[in-house]
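Undergrad: Sequence and computational prediction follow.
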Amino acid sequence: MSGISRRAFGALATVALFATVTACDTEEEPAASASAATGFPVTIDHAFGSTVLETSPERIVVIGYKEQDYYLALGTVPVAIRDWYGDMPSATWPWAQSYLGTATPTVLPRADLDFEAILALDPDVIVGMSAGLTQEQYDTLAKIAPTVAQPDADDQWAVTWQQMTRTAGKVLGKSTEAETMVTDLEKRLTDAAAKYPQLKGASTVFASGFEGQFYIFSPNATGSKVLLSLGLTMADEVGTLTDNANEYFVISKERFDLLDVKVAVWSEAAGDDLITKLLADSLYTSRAVHTEGRDVFLGTEANGAFSFSSVLSLPYVIDTIVPALAAAADGDPATTSAFSA
């Protein structure tokens, strides 16, 4: 994760708690809706109580790290989007850029919430299901505008893509459309897993390199859940080692055995500095996971799609990354070129 701050890496590891995955065909992007908002007033329950929206909001401020995709998919451009990482235009990644149209939302910084800046945006609603809000932060935001926080009081980051889709539907008065989106994507996930049966039961690990160290992520991390949802498996030891607040484990070269799985997925591109060092280390390159071409290197855009695991990024995952996973699983180095970071 070269070029990403320690804070951002922490976000990648903890926000990684989000969502099982789904998939859809590239020919069928989730369509933006022109349907009228219905169902107001609406009450949305969350970790700090309930928020009531009396009417359909027009000025939506997104302070969650990846919630913009859900509002864009449902046809509404937020007036402000919080940056996570990647330095993307309007903090919006390639798979969602077309949904902006000509709009240029304000970009809120990744670091601490700027309450004065949020107040100046005059929001009708503030949404932060993926912001890891504290009670104090929520209380301050709720004085500015109705605020929607994470659903779980005990786990700041425990929210699924289904929950975010349905909540965005409630906020916009488009619950019926949101529910259809959830149902369709869940079916597409099932279809995608069936399309690549060679992945079923294959061992995997989701790994990363950062600031001179190598990491493996928890089975609960977003990228890991993408893999598990496709039928791959993770060793119990991975879950044990990553059972901590950060949901990742630093591995030494002596534990490169943890990477010697059927399909190893790295968040970085093969050309990144630390991965270049990894690929020059015989303790790694002598292992079958590498000699048989069973390691897949993502890079910024592909890893971003993994990390978001949203209704807009998942088509990229299923059409671009999953074929590479299937090619890697066959153990033939010649077929791993199916994915290029």
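TA: Here it is on my side, so go on.
Undergrad: which residues are in contact with the longest strand belonging to the chain?
TA: The longest strand of the chain (DSSP state E) is strand 204-210. When contacts are defined by C-beta atoms under 8 Å, 6 or more residues apart in numbering, strand 204-210 is touched by residues 1-2, 4, 9, 12, 214-217, 221, 223-224, 227-228, 232-235, 238, 248, 251, 258-259, 261-268, 272, 274-275, 278. Backbone N, C-alpha and C define where each C-beta goes, glycine included.
Undergrad: Break this protein into its domains for me.
TA: For the chain, automatic domain parsing gives the domain ranges 30-188, 196-338.
Undergrad: Columns mean pLDDT and mean neighbour count on top of those domains, output as JSON lines?
TA: Supplementary listing: those in JSON lines, determined by pLDDT from 0 to 100; neighbours: other C-beta atoms under 10 Å:
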{"stretch": "domain 30-188", "mean pLDDT": "91", "mean neighbour count": "19"}
{"stretch": "domain 196-338", "mean pLDDT": "90", "mean neighbour count": "19"}
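Undergrad: Would you map the helices across the stretch 151-300 of the chain?
TA: In order along the chain, the stretch 151-300 of the chain carries the following helices (DSSP state H, counting those that start in this stretch): 161-172, 175-195, 222-229, 236-241, 273-278, 282-285, 288-291, 300-308.
Undergrad: circling back: for the longest strand of the chain, list the C-alpha coordinates in CSV.
TA: Output for strand 204-210, consisting of C-alpha atoms alone and laid out as CSV, is shown next (Å, rounded to 0.1, in the frame of the first residue of the first chain):
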residue,chain,number,x,y,z
THR,A,204,-6.5,-18.5,0.0
VAL,A,205,-5.1,-15.5,2.0
PHE,A,206,-5.4,-11.8,1.4
ALA,A,207,-2.1,-10.1,2.0
SER,A,208,-0.5,-6.7,1.8
GLY,A,209,2.9,-5.0,2.1
PHE,A,210,3.3,-1.6,3.9
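Undergrad: angle of that strand against helix 222-229?
TA: In terms of direction (axes from the mean of the first three to the mean of the last three C-alpha atoms, to 10 degrees), strand 204-210 departs from helix 222-229 by 160 degrees.
Undergrad: gap between strand 204-210 and the chain center?
TA: Taking C-alpha atoms, centre = their mean, to the nearest Å, one finds the center of strand 204-210 at 15 Å from the center of the full chain.
Undergrad: Given it, what are its sheet partners and their directions?
TA: For strand 204-210, the paired strands and their directions (DSSP bridges) read strand 213-217 (antiparallel), strand 263-266 (parallel).
Undergrad: Quick one: work out the angle between it and helix 300-308.
TA: With the same axes, to 10 degrees defining the directions, strand 204-210 sits at 120 degrees from helix 300-308.
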